[in-house]
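**Student:** Provided below for reference: sequence and predicted model.
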Amino acid sequence: MIGCVTVQLVATDLDGTLLTSDRTVSTRSAEAMAAARASGIEVVWATARARHSIHELAASCGFTGKAIGANGAVVLDLADGTPVISGTTAIDAEAVEAAMSRVRELVPGVVFATVGPTAFVAEHEYAALCVFADHHRHPHEMVVSTTVLADEPTVKIVARHPELSSVDLYRTVLGAQVTGVELTHSGAPYIEMAAAGVSKASALSRLCRELGVEQDSVAAVGDAFNDLPMLEWAGTALTTANAMPEIKDVAHRVLGSNDDDGVASYLEELVRLRD
């Protein structure tokens, strides 16, 4: 709680925040989320991850809440254990082409993949740079094509460079202000682009309206650039000890690290305050 405001909903990032460094949900975190929901506190996952990896994580720990995926472009309901897509925000096909063309002009050699609600289509050169941990898919599980526009709408564009770091690529593209898309970076070895105006914050705001939860009653936890809009929107902004300095600068409070179950500790605290 900040002041006398009671937290009714906690939105948490996954990688680097809720998940430990081995990218799993600890037993303590699973139990803390279940206890929070039992006490009337809604727990929402907010991640850059796609539907399939959200499903795998939820199944591993028994999570049956709502999840914001693809940095806000996809909203899932896992109430029955299956990730039902309850909302998507796609990038206009012309905007996809324009954004990729502009980034290629800015950074020659950049390669792309596009993400749909269920699809992942990569250029050959993009897939060749990937390992499983990048997208929770083996390269041979990707649809590889010379054209990366899938049959379903594109909710996210991802781009990387064989030599330039993802942080440097992010700063270069950010400085050029590519129109028609929302640029972000999650700490992964690539940059990400969603439809203009789409972020974890925009999806969380809509979800809270649907649930009847006031903004002041929302706590959000994150550790990277793609969490900033959500932290700035929420009534209570939290981060973990392992977070980037820029994230700590906007947080009301720094929790324990992801490996020390910082999010679980906070949820346990909220439950105690309700007892």
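**Tutor:** Nice, I can see it. Everything quoted here is computed from the prediction, not taken from an experiment. Numbering: from 1, shown residues only.
**Student:** Now do the helices in this protein.
**Tutor:** Counting by DSSP state H, the chain has helices at residues 27-38, 51-61, 93-106, 124-129, 132-135, 166-176, 200-211, 228-233, 245-248, 262-274.
**Student:** and stretch 260-275, which residues are buried?
**Tutor:** For stretch 260-275, a neighbour-count test (16 or more other C-beta atoms under 10 Å) marks 260-264, 266-268, 270-271 as buried. Every residue, glycine included, has its C-beta placed from N, CA and C.
**Student:** okay, the residues you listed in JSON lines with distance to residue 143 next?
**Tutor:** What follows is the buried residues of stretch 260-275, written out as JSON lines (distance: C-beta to C-beta, whole Å):
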{"residue": "260", "distance to residue 143": "39"}
{"residue": "261", "distance to residue 143": "37"}
{"residue": "262", "distance to residue 143": "37"}
{"residue": "263", "distance to residue 143": "34"}
{"residue": "264", "distance to residue 143": "37"}
{"residue": "266", "distance to residue 143": "39"}
{"residue": "267", "distance to residue 143": "38"}
{"residue": "268", "distance to residue 143": "42"}
{"residue": "270", "distance to residue 143": "42"}
{"residue": "271", "distance to residue 143": "44"}
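**Student:** List the contacts of residue 36.
**Tutor:** Residues near residue 36 by C-beta atoms under 8 Å, 6 or more residues apart in numbering: 10, 43, 267, 270-271.
**Student:** out of everything not next to it in sequence, what's closest to it?
**Tutor:** residue 267 (4.5 Å; C-beta to C-beta, 6 or more residues apart in numbering).
**Student:** Give me the residue ranges of the stretch 1-150 of the chain where confidence is low.
**Tutor:** 1-5, 148-150 (pLDDT under 70).
**Student:** got the contact list for the residue nearest in space to the middle of the chain?
**Tutor:** The residue lying closest to the centre of the chain (C-alpha atoms, centre = their mean) is residue 47, at 2.0 Å. Applying C-beta under 8 Å, 6+ apart to residue 47 gives the contacts 13-15, 54, 67-69, 71.
**Student:** how far away is it from residue 169?
**Tutor:** For residue 47, the distance to residue 169 equals 21 Å [C-beta to C-beta, to the nearest Å].
**Student:** Kindly report the same for residue 146.
**Tutor:** From residue 146 over to residue 169 the distance is 22 Å, taken as C-beta to C-beta.
**Student:** what's the answer for residue 259, then?
**Tutor:** From residue 259 to residue 169 the distance is 28 Å (C-beta to C-beta).
**Student:** Between the two, which is the more surrounded one?
**Tutor:** Remark: of residue 259 and residue 169, residue 169 carries more neighbours, 22 against 14, as counted by other C-beta atoms under 10 Å.
**Student:** my guess is that one contacts residue 161, does it?
**Tutor:** Yes: contact status for residue 169 versus residue 161: in contact at 5.4 Å, counting by C-beta atoms under 8 Å.
**Student:** just to revisit the earlier point, so for the residue nearest to residue 36, what's the pLDDT?
**Tutor:** The model reports residue 267 with a pLDDT of 98.
**Student:** If you count neighbours, what's buried in stretch 216-236?
**Tutor:** Within stretch 216-236, the residues that qualify as buried are 217-231, 233-236, counting by 16+ other C-beta under 10 Å.
**Student:** Leaving out chain neighbours, which residue sits closest to residue 109?
**Tutor:** Using C-beta to C-beta, 6+ apart and skipping residues adjacent in sequence, the residue nearest residue 109 is residue 161, 5.7 Å away.
**Student:** For that neighbour, list the residues it contacts.
**Tutor:** Listed by C-beta under 8 Å, 6+ apart, the contact set of residue 161 reads 107, 109-111, 169.
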